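A.B. asks: When you get a sec, could you give me coordinates for this:
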Amino acid sequence: MAARRTAAAGSGEDGKSLPLDELMPWSVRPLRTGRSWVMGPDPTALRARWERLAAAEGAEQERLFRPSRSRTPNTPVAALPGRSTGTARFAREPGACPDPVRILHGPFDEQWLLPDHRLIDAARPELWRVGDERQLFTVEHGYVPQATGPTLSVTHLLPDGHSPAGRAGRIRPLYRRPDATDPNLAPGLLDVLRARLGPEVAPGSVLAWITAAALPSPSGCRVPLPADAEVWAAGVELGRELVRVQLRGARGGERPRLPGGRRPYVRAALPARPAGIVYDAEAEALVIGDGRISPVPAGAWEFTVSGVRVLELWFERRAAAAVGAVPEGADADGLDAVGARGWTPEWTSELLELISVLALLDGLRPRQEALRARLERAEVPLISRDELRAAGVLPVPGSVRLPASVLGHQEEGPEGQFALL
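C.D. replies: Modelled structure (predicted):
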């Protein structure tokens, strides 16, 4: 089940593994929206919030906006890369509502975001600049001692890096530039791996290995690198399967489906405004008010990240959105309450898919545990820090920890000015 492995079992602090920060040196801090109403599970609600904000004026618009030191309705800001939203002060010229974009909110929760830089405190434009149809992002999960669950996630969506518990982890793109160019790997690392493990080693296979073998630690993810081609191949195969499941059919893959025809179905319709969720272990069913979904494997229900049960957190966010509940400290008549329209059919479809994703990942966990146990045995040789130092891979140059220069297109700056990057 989901609670088999603990962080103490191979936490990566044994000196045999390498910090992910040295293998994938460019990382970006999590997004900071500054106001909760710019993101949510329902794009229709986001559009309604925009319209109310744009129609308000003066002090009322200021109140609804929820200003911060970084953003107010009068802050001029550059457009996000690849977006054609307005750059004039919102209070003067809000413009048309931008189409909400799909993002990954923390682990496994696909939500929507209003992609207007004037509304977001720290949108991390360097991530938007390199996000394209070939990019993948790794996201470290917050470290919680003795917690179970995966160490990191992989997504094709722009991730916000939110952690349900513990310190938020870093976001690491696989590539430093668009079109899958300039891998975000320590310079020379691919050469060392190819010499040791075979010429077929590529950036995607390194990402797959990291996904399968990464270990949690208080100082960040750590990764053992084997010098054994057989062990490497087994880990890469497992990692590719883990990535495929998490991409949920994106990049030409198949939608996640449970084997043996055990696809979860809605047995009784979910209520419009559900109050809670319960797991019936004997019937393998989720009970949501008078609604019922089954079969739901126990491994999916018990699946946790940073000690937090994924399905419960996912449900709680949508149950709150269905009734227009506002976060603690927000105004009861603020924008967070705008757009509530009950439980949507889209959420039911997403819930069914998430159950399958978590069940499949839980089913792959024994293979991950076996791989990690194998790596801990002395007979499996590992690529050491000394070897990487001798090859000039370490220490990592400071320049590769910074965003690459991307000159693909003009980007509109504040008040309509254009800037070259």
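
A.B. asks: what bits of the protein have low per-residue confidence?
C.D. replies: Applying pLDDT under 70 to the chain flags the ranges 1-15, 407-421.

A.B. asks: Show me where it has its helices.
C.D. replies: 20-23, 43-55, 58-65, 125-130, 189-197, 203-213, 229-247, 298-301, 310-323, 345-376, 385-390 (DSSP state H).

A.B. asks: what about these, which gets the closest to residue 106?
C.D. replies: Comparing the helices of the chain by their distance to residue 106 (CB to CB), the top pick is helix 310-323, with 7.9 Å. Backbone N, C-alpha and C define where each C-beta goes, glycine included.

A.B. asks: Just the buried residues of stretch 298-314, please?
C.D. replies: Buried residues in stretch 298-314, counting neighbours by 16 or more other CB atoms under 10 Å, are found at 299-311, 313-314.

A.B. asks: ok, so of those, who is nearest residue 206?
C.D. replies: residue 305 (22.9 Å).

A.B. asks: ok, now which ones touch residue 243?
C.D. replies: Contact analysis of residue 243 by CB atoms under 8 Å, 6 or more residues apart in numbering lists 136, 154, 207-208, 211.

A.B. asks: I'd like those residues laid out as CSV, including distance to residue 195.
C.D. replies: Shown next, in CSV, are the contacts of residue 243 (distance: CB to CB, whole Å):
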residue, distance to residue 195
136, 25
154, 26
207, 19
208, 19
211, 23
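
A.B. asks: so can I have TSV of the residues you listed showing neighbour count?
C.D. replies: TSV is the format used below for the contacts of residue 243 (neighbours: other CB atoms under 10 Å):
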residue	neighbour count
136	23
154	24
207	24
208	22
211	26
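
A.B. asks: separation between the residue of the chain positioned farthest from its centre and residue 51?
C.D. replies: Largest separation from the mean C-alpha position in the chain: residue 58, at 36.4 Å (CA atoms, centre = their mean). Residue 58 sits 17 Å away from residue 51, taking CB to CB, to the nearest Å as the criterion.

A.B. asks: can you check residue 17 too?
C.D. replies: For residue 17, the distance to residue 51 equals 51 Å [CB to CB].

A.B. asks: Check residue 78 too.
C.D. replies: Applying CB to CB to residue 78 and residue 51 gives a distance of 24 Å.

A.B. asks: Give the burial count for residue 19, as a bare number.
C.D. replies: Neighbour count of residue 19, defined by other CB atoms under 10 Å: 17.

A.B. asks: so it touches residue 225, yeah?
C.D. replies: No - using CB atoms under 8 Å, residue 19 is not in contact with residue 225; the gap is 11.6 Å.

A.B. asks: Would you mind finding the most buried of the helices of the chain?
C.D. replies: helix 203-213 (a mean of 23; mean count of other CB atoms under 10 Å).

A.B. asks: Can you get me the centre-to-centre distance for that one and its chain?
C.D. replies: Distance of helix 203-213 from its chain centroid, counting by CA atoms, centre = their mean, to the nearest Å, is 16 Å.

A.B. asks: Report all helices and strands that that helix contacts.
C.D. replies: Packing partners of helix 203-213 (3 or more CB pairs under 8 Å, 6 or more residues apart in numbering; DSSP states H and E): helix 20-23, strand 137-140, strand 152-155, helix 189-197, strand 222-223, helix 229-247, helix 345-376.

A.B. asks: Export the ones you listed to a markdown table and append columns for distance to residue 170.
C.D. replies: Below are these laid out as a markdown table (distance: least, CB to CB, whole Å):
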| stretch | distance to residue 170 |
| --- | --- |
| helix 20-23 | 8 |
| strand 137-140 | 5 |
| strand 152-155 | 10 |
| helix 189-197 | 18 |
| strand 222-223 | 13 |
| helix 229-247 | 18 |
| helix 345-376 | 21 |
